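Enquirer: need coordinates for the following:
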Amino acid sequence: MSAALPVLSPAELARYSRHILLEQFGVEGQRKLAAARVLVIGAGGLGSPAALYLAAAGVGTLGIADLDRVEPHNLQRQLLHNDDAVGQPKVESAAQRLRATNPFIDVMTHAEGISAENAVAIFGGYDVIVDGTDNFGSRYLNNDAAFFAGKPLVHGSVFKFEGQVTVLDPARGGPCYRCLFPEPPAPGSVPGCGEAGVLGALCGVIGSLQALEAIKLITGVGETLRGRLLTYDALTQSFRTLTLPRDPHCPLCGEAPVIRALDAQRYASITCVPASTMPDQEHPLEISVTEAKRLLDESPCGVMLIDVREPYELEIASVKGAEAIPMRQIPERLRDLPRDEHLLIMCHHGGRSRRVTEFLRAQGLAAVTNIAGGIDAWAAEIDPSLQRY
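Expert: Residues are numbered from 1 along each chain as shown. A predicted model of the protein is given here:
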């Protein structure tokens, strides 16, 4: 953060007067916010409330990194976007909303997203990193990059009705994400929001807490969650605070680290397919919706389409002729599946179907293939009459 704090205009003093009235905050705290540079990674469920509150608070430079586009199902919780933004890059929709929220701030966009190649360089241009991503590959990448850049990272995550927040800051004595979770879970073992669901208002709680932690880091007001993990249960409206010590054996920030640089393959492998499930040439592990449509048209008697979504999802959109077997019923229906046909597995976006594909292959069914993108890609590329959700 720059040592020279900016002078606030009369209009800014009026806008931030409720901050300034706080004796622990005052004009100096507001000037620190105006001088600060904060990067929010992910313009989604967590990034939306976090970015909105940081913009409204007067953070001088607010960066938004995201490479996705706005989809209809985002609007249930991602308040940076509206119906008119569907199809737009999220960073463009977010920047428009944030600039309208506060014309006194600068909004920077990173439409390329965060990668192993650019992370440290981008992080170096900010004072605080707010992680609003929803997958383990990104979380480990952001954690490692923040460590190498020497920047505090405000971590948040949500799952169904639960959320958690902490400040990861090894440069100032705190733990990193690998101190809490040294190794990522096995690919496909933990469902994401696209498979498990998430309560929209929960994102508002956790994202707002992330914004609050960033403000405290910048201004020095209060005590941050460095070294503590705050968990929240929306069903019981209860919070718990757990001590999060730094692990001396951590592979990244420990006494004898083995991770000394960012390696793109390390983060890709977190979500990649284990070697034991790699496909053969005749029946690939994954194909596009276009290729799936071709197979169904050309070999209708030798190919079976299985939709593993829940019944309520089938009422929204479905492909004619698909066999409906919810993912949870696959193990008990295993004996019913034909072993002389090529099984094409479909879900909403491809996550559940990928896990079902890997499970069936592990049970000895070799002719099983996942349909990448699921029914959503089918609606976008094959049948636009289908409702996307």
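Enquirer: most remote residue from this protein's center?
Expert: What lies farthest from the middle of the chain is Cys301; by CA atoms, centre = their mean that is 39.8 Å.
Enquirer: Pro338 versus that one, what's the distance?
Expert: According to CB to CB, to the nearest Å, Cys301 and Pro338 sit 11 Å apart. For the C-beta atoms, the positions are set from N, CA and C on the backbone; glycine is no exception.
Enquirer: and what of Leu212?
Expert: Taking CB to CB as the measure, Leu212 falls 55 Å from Pro338.
Enquirer: try Ala145
Expert: In this view, Ala145 and Pro338 are 47 Å apart by CB to CB.
Enquirer: more neighbours: which of those two?
Expert: A direct count of neighbours by other CB atoms under 10 Å for Ala145 and Pro338 places Ala145 higher, at 25 against 11.
Enquirer: so which residues of the stretch 251-389 of the chain form strands?
Expert: Counting by DSSP state E, counting those that start in this stretch, the stretch 251-389 of the chain has these strands, from start to end: 286-287, 303-307, 323-324, 342-346, 368-371.
Enquirer: next secondary structure element downstream of the lowest-mean-pLDDT helix or strand in the chain?
Expert: When each helix and strand of the chain is scored by mean pLDDT, DSSP states H and E, helix 193-196 comes last, with a mean of 60. Heading C-terminal from helix 193-196, the first helix or strand you meet, by DSSP states H and E, is helix 200-219.
Enquirer: okay, that next one in PDB with CA atoms only?
Expert: What follows is helix 200-219 as a C-alpha-only set of coordinates in PDB (Å, rounded to 0.1, in the frame of the first residue of the first chain):
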ATOM      1  CA  GLY A 200     -28.000 -18.100  -2.300                       C
ATOM      2  CA  ALA A 201     -28.200 -15.900   0.800                       C
ATOM      3  CA  LEU A 202     -25.400 -18.000   2.400                       C
ATOM      4  CA  CYS A 203     -23.000 -16.500  -0.200                       C
ATOM      5  CA  GLY A 204     -24.000 -13.000   1.000                       C
ATOM      6  CA  VAL A 205     -23.000 -13.900   4.500                       C
ATOM      7  CA  ILE A 206     -19.600 -15.400   3.700                       C
ATOM      8  CA  GLY A 207     -18.800 -12.900   0.900                       C
ATOM      9  CA  SER A 208     -19.600 -10.000   3.300                       C
ATOM     10  CA  LEU A 209     -17.400 -11.400   5.900                       C
ATOM     11  CA  GLN A 210     -14.600 -11.600   3.400                       C
ATOM     12  CA  ALA A 211     -15.000  -8.000   2.500                       C
ATOM     13  CA  LEU A 212     -14.900  -7.100   6.200                       C
ATOM     14  CA  GLU A 213     -11.700  -9.100   6.700                       C
ATOM     15  CA  ALA A 214     -10.100  -7.200   3.700                       C
ATOM     16  CA  ILE A 215     -11.100  -3.900   5.200                       C
ATOM     17  CA  LYS A 216      -9.600  -4.800   8.600                       C
ATOM     18  CA  LEU A 217      -6.400  -5.900   6.900                       C
ATOM     19  CA  ILE A 218      -6.200  -2.500   5.100                       C
ATOM     20  CA  THR A 219      -7.100  -0.200   7.900                       C
END
